[in-house]
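> here is my input; please provide its structure:
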Amino acid sequence: MLPVEQFESKLKSEGAAKKTLQFYLGPVRKFANHCPKSLSELTADDVYAFRDSLEFSDYAKHNHIRAIKFFLKRMDVKLDIKLPSFTPPAPDEYQAEQLKRLFAFATDRERRLFMFFLCTGCREGEVMHAMWENLTLDSYTVRSVDGWHPKKNKTRTIPIPDALSKMLEPIRGTGLMFPNIHGGPDGHMLKKLQALAKRSGQDPTQFCLQRFRRTFATTHLRNGATVHEVAGFLGHSNLDTVMRYLSMANASSARIRSLANSAFAGV
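Numbers count the residues shown, from 1 in each chain. I've put the predicted structure just below:
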């Protein structure tokens with residue numbers, strides 16, 4: 001049998017987040033059940049046979065095989081496996097009217113929390129562990145704290161707008177910025193966002209925390225930030241995702257719309 005538990009222990013010892021564990025362990029466990037071989041017996045054809053057995057979208061198949069490739073790499077198994085091709089889903093962003101309505105119904109506490117998501121582009125785990133000591137008047141720095149580590153253990157500094165700074169400075173304290181009622185990291189931020197969306201008369205299923213991150217990226221790109229700058233703000237080393245945000249931002253920017261209109265003005 002494949003050493004799934006050993007792989008899981010490795011990830012946990014490196015401080016992998018819960019979502020990271022879910023992303024890798026689910027496909028690896030499915031593969032282990034599908035292919036009852038040892039690591040030394042595995043071939044690329046075993047992985048392809050598993051891929052062909054999946055009744056998923058091309059995107060889901062890609063992620064499953066990507067997880068298995070990572071598992072094999074961490075277990076020091078060298079197999080030449082090609083990832084399935086797929087058409088990536090278009091990144092979606094919040095529309096201005098959605099945010100305006102959302103914040104109109106928010107309490108002060110909710111407004112601070114979700115403005116922080118929007119204006120920093122931080123991941124859920126990064127906001128859960130956001131510390132006052134990492135906030136200045138013009139920036140927020142994501143770094144490891146108290147046994148928690150950001151993705152790939154990367155420290156990065158994100159510029160913040162004056163509006164967010166003015167919102168947070170009067171209540172500056174110590175420790176966690178957005179704790180739960182017991183003073184620990186709050187694991188119910190999505191639930192709170194969707195409750196607020198419902199209270200504002202909007203479809204709660206259209207609201208997720210990751211969408212703030214996408215809106216952060218497209219907003220910065222639309223307003224002149226470079227791809228490399230936004231990649232740095234987001235903590236991305238691979239520019240592919242940011243390039244998708246750029247394509248989306250350009251399509252609706254005033255400059256590009258003006259160029260499009262000028263190009264076909266005589267038609």
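> when you work out contacts or count neighbours from here on, use the C-alpha atoms and nothing else.
Fine.
> burial count for residue 31?
Close neighbours of residue 31, defined as other CA atoms under 10 Å, add up to 21.
> before we move on, what SS does it have?
helix (DSSP: H, G, I helix; E, B strand; the rest coil).
> check contacts around it.
47, 50, 68 (CA atoms under 8 Å, 6 or more residues apart in numbering).
> just give me the closest of these to residue 16.
residue 68 (16.4 Å; CA to CA).
> quick one, what contacts that closest one?
24, 27, 28, 31.
> next one: residue 66
So residue 66 contacts residue 83 (CA under 8 Å, 6+ apart).
> surely it forms part of a helix?
Yes. Secondary structure assignment places residue 66 in a helix (three-state DSSP).
> any idea how far it is from residue 37?
Using CA to CA, to the nearest Å, one gets 19 Å for the distance from residue 66 to residue 37.
> look up the closest residue to residue 11, ignoring the ones flanking it.
residue 21 (7.2 Å; CA to CA, 6 or more residues apart in numbering).
> name the element that neighbour belongs to?
helix 18-34 (DSSP states H and E).
> so how far is that helix from its chain's centroid?
Its chain's C-alpha centre and that of helix 18-34 lie 19 Å apart, by CA atoms, centre = their mean, to the nearest Å.
> likewise for stretch 210-223?
12 Å.
> helices and strands of this structure: which one has the lowest mean pLDDT?
Within the chain, no helix or strand scores below helix 254-263, which has a mean of 55 by mean pLDDT, DSSP states H and E.
> ok, back up a step: what about the residue nearest to residue 11, how many neighbours?
Neighbours around residue 21, by other CA under 10 Å: 15.
> that one: what's it in contact with?
Contacts of residue 21 by CA under 8 Å, 6+ apart are 8, 11, 12.
> strands of the protein, start to end?
Under the criterion DSSP state E, the chain contains strands at 139-142, 156-159.
> distance to residue 56, mean pLDDT and mean neighbour count added to these, as a markdown table?
Listed next are the strands of the chain as a markdown table, based on distance: least, CA to CA, whole Å; pLDDT from 0 to 100; neighbours: other CA atoms under 10 Å:
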| stretch | distance to residue 56 | mean pLDDT | mean neighbour count |
| --- | --- | --- | --- |
| strand 139-142 | 35 | 98 | 21 |
| strand 156-159 | 36 | 96 | 16 |
